[in-house]
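Enquirer: 3D model of this:
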Amino acid sequence: MKKKVLTVLMTQALVASMLAGCGSSSDNTADQTQATDSTEQTETTDTAEQAATTEAAAEETPAIDYGSGEITIWVAENVVDLTQQLVDDFIASNDAYSGYAGNITVEAVGEGDAASNMITDVSGGADIYGFAQDQLTRLVAAGALQPLNDNMSEWVKSSNDEGAIGAATSGDALYAFPMTSDNGYFLYYDSSVVTDPTSLEQIIADCEAAGKGFYADLDSAWYNAAFFFGAGCTCSFETDADGNFTSVTADYASDAGLVAIKEMAEVASSSAFVDGSSAGEATNVGAIIDGTWDSAALEEMLGDNYACAALPSFEGSDGQTYHLSGFSGNKLLGVKPQTEGGKLAMCYEIAKMLTDTDAQLERFNAQGWGPSNLTAQADSAVQANVALAALQEQMPYMIPQGQYPGEWWDLAGALGADVENGTLTVDSADEDFMKELSTHDDTCATLVQ
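Expert: All right, here's what the predicted structure looks like:
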């Protein structure tokens, strides 16, 4: 009897022990669930607090105060109306710009005159102005350009081709917004007259036979560089961060220079030769060395015979063949230093807008200006333009235009002037040619510090 009672008691104890174990497991699961819920609630709270902190920080960052006032912009005459419309639409697009509504004036001042005017009187000049890249160093030295801030510099570098970026750079700083990559020249010709646009001799012979003019600007340093660089000459200047000229490499007084200037004399001796590179002043054109800015005028002038090509090659006095070269360059848009931070910020925004994709395409469609903006360059209409196609074909032979002292343009231009006025002719002795070329090189050395 005692054994039976003991067995029953032991069984009850075992069952109780098992039930106790099950109860403990349930309690642990509940505890874990509560811990998880607590952690999730803490994480949610932390996330909400972080979002609130970020939002508060954003609210503490003030919007740019562009202020109010008047802004003057100088651009080429043929894009004044377009520029004014682009600016007016831009100001109307954002309430933050309202302080300048109706107070922005666009005036017709060409790139060359704009640079000269700014250098002469910075304070009286435009707040934003277009200029050719060869004026950059002079403008920097005159204090007429505000260096771009980091944000604008990064935007320019990411949006434009390398040549345009280099054109806007002096020292290690960007000083302007690129507007074009079309400041070079190539051949326009009447396809009913010119039978072979790749040969300078044939072009001139065809123009002579047809009684048509062959237009070339030999007394311009910018244009006659096509002969010197094409023959293998070098003329380049180095500058420091302040725009001062520090050194020069010039070897026009060489065998290559002799080939170049004798070829210029050969061209000038032709009855077809006409000094000039402006379609607006040209008549009876058989061929003309000109740029994209005259494409519309020449297309209208030549009609169905309108054609374009890279510059031709010529046979030098040494019997070798040379391809005409020349300068490639850009139009730039600069901002004058400002005393008010808000106005400077507004000028930056306007300059950025006027050199962005849409504005560059607007100028291309209206005037045929070739874009520097990478997205605009990829536009199908841009790629189908025959003048720009000819310029692109010529580009491998061109020299990116660096910075040159103002005096150099007259100095090198005088070489062509002496050819045109008969001081130097096809019958001149090599010594006479070389004397002129040596004067050029020696004078270049005096133009640096």
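Enquirer: tell me who's in contact with Gly171.
Expert: 239-243 (Cβ atoms under 8 Å, 6 or more residues apart in numbering). C-betas here are computed from N, CA, C, even on glycine.
Enquirer: of these, which belong to strands?
Expert: Counted as lying in strands by DSSP state E, out of these, are Thr239.
Enquirer: which stretches in the stretch 201-350 of the chain count as helices?
Expert: 221-231, 255-268, 295-302, 341-354 (DSSP state H, counting those that start in this stretch).
Enquirer: now do the strands in the stretch 1-150 of the chain.
Expert: According to DSSP state E, counting those that start in this stretch, the stretch 1-150 of the chain carries its strands in the segments 71-75, 104-108, 128-132.
Enquirer: turn the helices of the stretch 201-350 of the chain into TSV, columns for mean neighbour count, mean pLDDT and distance to Glu208.
Expert: TSV is the format used below for those (neighbours: other Cβ atoms under 10 Å; pLDDT from 0 to 100; distance: least, Cβ to Cβ, whole Å):
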stretch	mean neighbour count	mean pLDDT	distance to Glu208
helix 221-231	24	97	20
helix 255-268	23	98	12
helix 295-302	18	93	18
helix 341-354	21	97	45
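Enquirer: output these as JSON lines; include the columns distance to Asp172.
Expert: JSON lines is the format used below for the helices of the stretch 201-350 of the chain (distance: least, Cβ to Cβ, whole Å):
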{"stretch": "helix 221-231", "distance to Asp172": "27"}
{"stretch": "helix 255-268", "distance to Asp172": "33"}
{"stretch": "helix 295-302", "distance to Asp172": "36"}
{"stretch": "helix 341-354", "distance to Asp172": "19"}
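Enquirer: tell me which of those helices approaches Asp182 most closely.
Expert: Nearest to Asp182, of all the helices of the stretch 201-350 of the chain, is helix 295-302, at 9.5 Å by Cβ to Cβ.
Enquirer: Asp441 contacts Asp251, correct?
Expert: Yes: in this structure Asp441 lies within contact range of Asp251 using Cβ atoms under 8 Å: 6.8 Å.
Enquirer: contacting residues for the closest residue to Ala387 other than its chain neighbours?
Expert: Distances taken as Cβ to Cβ, 6 or more residues apart in numbering place Ser295 nearest to Ala387, at 4.0 Å, with adjacent residues excluded. Taking Cβ under 8 Å, 6+ apart as the criterion, Ser295 is in contact with 188, 308, 368, 385, 387.
Enquirer: mind listing which of those are in strands?
Expert: Per DSSP E, the contacts of Ser295 map to strands at 188, 308.
Enquirer: of the contacts of Ser295, which is the most crowded?
Expert: Tyr188 (30 neighbours; other Cβ atoms under 10 Å).
Enquirer: which residues does that one bridge with?
Expert: Here Tyr188 sits in beta bridges with Ile288, Cys308, as judged by DSSP bridges.
Enquirer: contacts only, for the residue nearest to Asn385 when sequence neighbours are not counted.
Expert: Excluding the flanking residues, the one nearest Asn385 by Cβ to Cβ, 6+ apart is Gly368, at 6.9 Å. Counting by Cβ under 8 Å, 6+ apart, Gly368 makes contact with 292-293, 295-296, 385, 387-388.
Enquirer: gap between Gly368 and Pro405?
Expert: Gly368 sits 31 Å away from Pro405, going by Cβ to Cβ, to the nearest Å.
Enquirer: before we move on, the earlier item: which residue in the contacts of Gly368 has the weakest pLDDT?
Expert: In terms of pLDDT, the weakest of the contacts of Gly368 is Trp293, which scores 83.
Enquirer: who wins for proximity to Ser277 among the helices of the stretch 201-350 of the chain?
Expert: Nearest of the helices of the stretch 201-350 of the chain (Cβ to Cβ): helix 221-231, 6.0 Å.
Enquirer: what does that closest one contact?
Expert: Here helix 221-231 makes contact (Cβ under 8 Å, 6+ apart) with 134, 185, 216-218, 235, 252, 256-257, 259-261, 263-264, 277, 289, 311, 314, 316, 322-327, 397, 399, 408-413, 415-416.
Enquirer: weed out the non-buried ones from those.
Expert: Using 16 or more other Cβ atoms under 10 Å as the burial test, the contacts of helix 221-231 include 134, 185, 216-218, 235, 252, 256-257, 259-261, 263-264, 277, 289, 311, 314, 316, 322-327, 397, 399, 408, 411-413, 415-416 as buried.
Enquirer: pLDDT weak spots in this protein?
Expert: 1-62 (pLDDT under 70).
Enquirer: hmm, 50 instead?
Expert: Along the chain, the parts satisfying pLDDT under 50 run over 1-40, 42-44, 53-54, 56-61.
Enquirer: sort out for me which of the contacts of helix 221-231 are in strands.
Expert: Those of these lying in strands (DSSP E): 216, 235, 289, 314, 322-323, 327, 399.
Enquirer: which of those lies closest to Thr446?
Expert: Out of the ones in strands among the contacts of helix 221-231, the member with the shortest distance to Thr446 (by Cβ to Cβ) is Cys235, at 14.1 Å.
Enquirer: distance of Ile204 relative to Leu86?
Expert: 43 Å.
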